[in-house]
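Enquirer: Here is a sequence with its predicted model. Questions after.
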Amino acid sequence: MGIQRVSSKWTKTAVLQRSRSVNGYIPVTRQYSRQTLERMTELFESNYIKPDRGTYGNGVMRVKATRVQPLPIHSVNSDTEETTSENADERLSPSTAEVDAEISAEFPITTYELRYGTEEKYFNSLDELALALNEHIQKRDYIIQQGIPLMKHNGLPFDLRVLTQKNLQHNWETTGILGRVAAPGKIITNIHGGGRLATFNELVRPHFDLKRFEQLRSELYRLGIHSAVQLQKSFPRIKEIGIDIALDEDGQPWILEVNTLPGIYAFGLLPDKETYRKIKRYARAYGRLPSKKGKTSRASHKAKASSAKSSVRR
């Protein structure tokens, strides 16, 4: 039986929400609809709208709602300070326009910013926003997720990828954490979208003292294992997961999404080559990568074939 892959973000989120150990790390996430768009923009200043199936950050959009309290409108008569009984009565009977102005001043005006890639658009109503979103979404399934204000490195937001694998004893083990820094002006940190790789230590250590830094690393290692154990209850043939983790401005970790076909080669670009060797060793053991024996056999076969061709030519 092959390694099991699960493409639906919503399906994986729904499974993880059933775990007491994991649910507290998941931002509010819903299947996208006009109704959930309205509710989520009322609850949160920022929300991310993502394809239910997709990779490399393609199709991800961000909506930010800004509410402004309008200034009250006052009517001033500058011609005279004297008041007759007649104009006093008029003041006691304000016009319809004045009443409407006073009512509107009691409620904030909401504008919506839509970011897609590096493109920004602004809308004055939820209906206009929904129409613009539908142009991108069309009839595909999307989810909408509470936006998490990302911790920053040198002014640029970053997130983390936690890799958890089945080890040689067939138990879950978190084998590595790497960081990804967003490119300037981008709303995603994905390397395919222009982000850059960095070590966990480089990105996180400057924000915490040593004790809190080590506690956070241990917490993320445990979270990787708890998430894998929970997912395996519904998907028994998974062997590896990659968890995208946001750290908010207070250092609280949040699960943005989980990938059951995580990239592993990015770990080979980091200085810690021993970690990368372990990652590849586990991946060979459960069949993600070809075994060294298989590589040797193929290389030997190619060498023999090449030798035979040379003999024929001679």
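Expert: Great, that's in hand.
Enquirer: Quick one: the strands in the stretch 1-150 of the chain, in order.
Expert: Using DSSP state E, counting those that start in this stretch, the strands of the stretch 1-150 of the chain run over residues 29-31, 46-51, 61-68, 109-116, 119-123, 142-146.
Enquirer: Throw those strands into CSV and include mean neighbour count, distance to P157 and mean pLDDT, thanks.
Expert: Glycine gets a C-beta too; all of them are placed from N, C-alpha and C. Compiled in CSV, those are given as follows (neighbours: other Cβ atoms under 10 Å; distance: least, Cβ to Cβ, whole Å; pLDDT from 0 to 100):
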stretch, mean neighbour count, distance to P157, mean pLDDT
strand 29-31, 18, 19, 97
strand 46-51, 22, 12, 96
strand 61-68, 16, 11, 91
strand 109-116, 16, 13, 93
strand 119-123, 12, 16, 93
strand 142-146, 22, 16, 98
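Enquirer: could those strands go into a markdown table alongside distance to S8?
Expert: Shown next, in a markdown table, are the strands of the stretch 1-150 of the chain (distance: least, Cβ to Cβ, whole Å):
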| stretch | distance to S8 |
| --- | --- |
| strand 29-31 | 10 |
| strand 46-51 | 10 |
| strand 61-68 | 18 |
| strand 109-116 | 22 |
| strand 119-123 | 27 |
| strand 142-146 | 9 |
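Enquirer: Outside of stretch 10-25 itself, which residues are in contact with it?
Expert: Under the contact criterion Cβ atoms under 8 Å, 6 or more residues apart in numbering, stretch 10-25 has outside partners 6, 26, 29, 31, 52, 141, 143, 223, 226-227, 230-231, 233-235, 253-255, 257-258, 260.
Enquirer: which of the residues in it are buried?
Expert: Of the residues in stretch 10-25, those buried by neighbour count under the rule 16 or more other Cβ atoms under 10 Å are 10, 12-13, 15-16, 19, 22, 25.
Enquirer: what about it, start to end distance?
Expert: 15 Å (Cα to Cα, to the nearest Å).
Enquirer: gap between that stretch and the chain center?
Expert: Using Cα atoms, centre = their mean, to the nearest Å, the distance from the centre of stretch 10-25 to the centre of the chain it belongs to is 15 Å.
Enquirer: again with stretch 51-58
Expert: What separates the centre of stretch 51-58 from the centre of its chain is 10 Å, taken as Cα atoms, centre = their mean.
Enquirer: got a list of contacts for that stretch?
Expert: Contacts made with stretch 51-58 from outside it, assessed by Cβ under 8 Å, 6+ apart, are listed as 7-10, 31, 59-60, 140-143, 188-190, 192-193, 259.
Enquirer: Show me what counts as buried in it.
Expert: Residues 51-52, 57 are the ones in stretch 51-58 that count as buried (16+ other Cβ under 10 Å).
Enquirer: any idea which of the residues you listed is closest to A182?
Expert: G57 (10.0 Å; Cβ to Cβ).
Enquirer: From I143, how far out is the closest one?
Expert: For G57, the distance to I143 (Cβ to Cβ, to the nearest Å) stands at 14 Å.
Enquirer: With V28 instead?
Expert: Remark: distance between V28 and I143 (Cβ to Cβ) = 11 Å.
Enquirer: Equivalent analysis for T175, please.
Expert: When distance is defined by Cβ to Cβ, T175 is 28 Å away from I143.
Enquirer: go on, P236?
Expert: 24 Å.
Enquirer: What of Q215?
Expert: If you measure Q215 against I143 using Cβ to Cβ, the figure is 31 Å.
Enquirer: Equivalent analysis for A183, please.
Expert: 24 Å.
Enquirer: Please report the number of neighbouring residues for G185.
Expert: 11 (other Cβ atoms under 10 Å).
Enquirer: what number of residues lie near the closest residue to it other than its chain neighbours?
Expert: In space, and not counting its chain neighbours, G185 is closest to T118: 5.0 Å by Cβ to Cβ, 6 or more residues apart in numbering. Counted with other Cβ under 10 Å, residues neighbouring T118 total 11.
Enquirer: Ramachandran coordinates for T118?
Expert: Reported as degrees, to the nearest 10, the phi and psi values for T118 are phi -110, psi 10.
Enquirer: these two touch, right, it and A182?
Expert: No. When contacts are counted by Cβ atoms under 8 Å, T118 is not listed as touching A182 (11.3 Å).
Enquirer: Helices along the stretch 51-200 of the chain, start to end?
Expert: Per DSSP state H, counting those that start in this stretch, the stretch 51-200 of the chain has helices spanning 85-92, 96-105, 126-137, 200-204. These are given in chain order.
Enquirer: For Y32, the count of nearby residues, please.
Expert: Neighbour count for Y32, taken as other Cβ under 10 Å: 22.
Enquirer: Who are the contact partners of the nearest residue to it once chain neighbours are set aside?
Expert: Counting by Cβ to Cβ, 6+ apart, Y142 is the residue found nearest to Y32 once chain neighbours are left out, at 3.8 Å. Contacts for Y142 (Cβ under 8 Å, 6+ apart) come out as 31-32, 49-52.
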